[in-house]
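Enquirer: Pasting the sequence and the predicted coordinates here, then a few questions.
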Amino acid sequence: MAKDDLLKPGEKAPDSGQYVIVGPRGGDAGGQERTVVQGEPLPPTPKPGQKYRITDRTKTQGRSPKRK
């Protein structure tokens, strides 16, 4: 994947799904993943300079029904 696919902690997630933490140059950073909902900020990473790349987008569409 290209470097422009990387997202910084605090950026809003463009899609809901699993985001893997990658190193400063885009390499594997231990395979840690975070689940993030679309529009929510990405959480802080364990080490400075790490970023996120989406690995598995959520396959559902739309919003959940409101609970009563």
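Expert: Thanks, I have it. All values derive from a computational prediction rather than experimental measurement. Numbering: from 1, shown residues only.
Enquirer: The residue nearest to the spatial centre of the chain in helix, strand or coil?
Expert: Geometric centre of the chain, nearest residue: Tyr19, 3.3 Å, by C-alpha atoms, centre = their mean. Counting by DSSP: H, G, I helix; E, B strand; the rest coil, the backbone at Tyr19 sits in strand.
Enquirer: What residues does it make contact with?
Expert: Leu7, Ala13, Glu33, Arg34, Thr35, Val36, Leu42, Tyr52, Arg53, Ile54, Thr55 (C-beta atoms under 8 Å, 6 or more residues apart in numbering). C-betas here are computed from N, CA, C, even on glycine.
Enquirer: tell me which residues in the lowest-mean-pLDDT helix or strand in the chain are buried?
Expert: Ranked by mean pLDDT, DSSP states H and E, the weakest helix or strand in the chain is strand 28-36, scoring a mean of 87. Buried positions in strand 28-36, judged by neighbour count with 16 or more other C-beta atoms under 10 Å: Ala29, Arg34, Val36.
Enquirer: The second one against Tyr52, yeah?
Expert: What that stands for is Arg34. Yes - the criterion here is C-beta atoms under 8 Å, and Arg34 meets it with Tyr52 at 7.3 Å.
Enquirer: Pull up the overlap in contacts between the two.
Expert: With C-beta under 8 Å, 6+ apart, Arg34 and Tyr52 have common neighbours Tyr19, Ile21, Leu42.
Enquirer: Of those residues, which is the nearest to Pro48?
Expert: Pro48 lies nearest to Ile21 out of these, by C-beta to C-beta, at 12.1 Å.
Enquirer: Tell me where this protein has strands.
Expert: 17-22, 28-36, 51-57 (DSSP state E).
Enquirer: partners of the second one in the sheet?
Expert: For strand 28-36, the paired strands and their directions (DSSP bridges) are strand 17-22 (antiparallel).
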